[in-house]
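Peer 1: after the sequence you'll find the predicted model.
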Amino acid sequence: MNTQRKYFSGKVQELIDRANRGTGEDVDYILGHLTPDVTLSVTRFVDYTLGLVENEAGIARIEFYL
């Protein structure tokens, strides 16, 4: 049971939910938001949510991109 309080909504909450799940596919989805026309705020959301990834598969996927 997830009792974590949600302070965000919309796209930000979707990215947070993906980061908390933290699979390689979730990391791909999060990083997929970094397009050539990305806004500064979206880059901040992506950076924040990548820091939430704790799943080993997700961390390995982040390392792959680095």
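Peer 2: Nice, thanks for sending it over. Small disclaimer: the values here were computed from a predicted structure and weren't measured. Residues are numbered from 1 along each chain as shown.

Peer 1: now Thr35: phi and psi?
Peer 2: The phi and psi values for Thr35, taken as degrees, to the nearest 10, are phi -100, psi 170.

Peer 1: ok, it - how many residues close by?
Peer 2: Residues contacting Thr35 under the criterion other CB atoms under 10 Å number 8. No exception for glycine: its C-beta is placed from N, CA and C like everyone else's.

Peer 1: how about Gly58?
Peer 2: 24.

Peer 1: what sits against it?
Peer 2: Ala19, Gly22, Thr23, Gly24, Asp26, Val27 (CB atoms under 8 Å, 6 or more residues apart in numbering).

Peer 1: could you dump those residues into a markdown table and include pLDDT?
Peer 2: Below are the contacts of Gly58 laid out as a markdown table (pLDDT from 0 to 100):
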| residue | pLDDT |
| --- | --- |
| Ala19 | 96 |
| Gly22 | 95 |
| Thr23 | 96 |
| Gly24 | 96 |
| Asp26 | 97 |
| Val27 | 97 |
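
Peer 1: taking those together, which two end up most distant?
Peer 2: Farthest pair in the contacts of Gly58 (CB to CB) is Ala19 and Gly24. Separation: 12.3 Å.

Peer 1: who has more neighbours out of the two?
Peer 2: Ala19 (22 against 17).

Peer 1: for the more buried one, give its distance to Glu56.
Peer 2: 14 Å (CB to CB, to the nearest Å).

Peer 1: and which of the contacts of Gly58 is nearest to Pro36?
Peer 2: Looking across the contacts of Gly58 and measuring by CB to CB, the closest to Pro36 is Val27, at 19.8 Å.

Peer 1: all set now, cheers.
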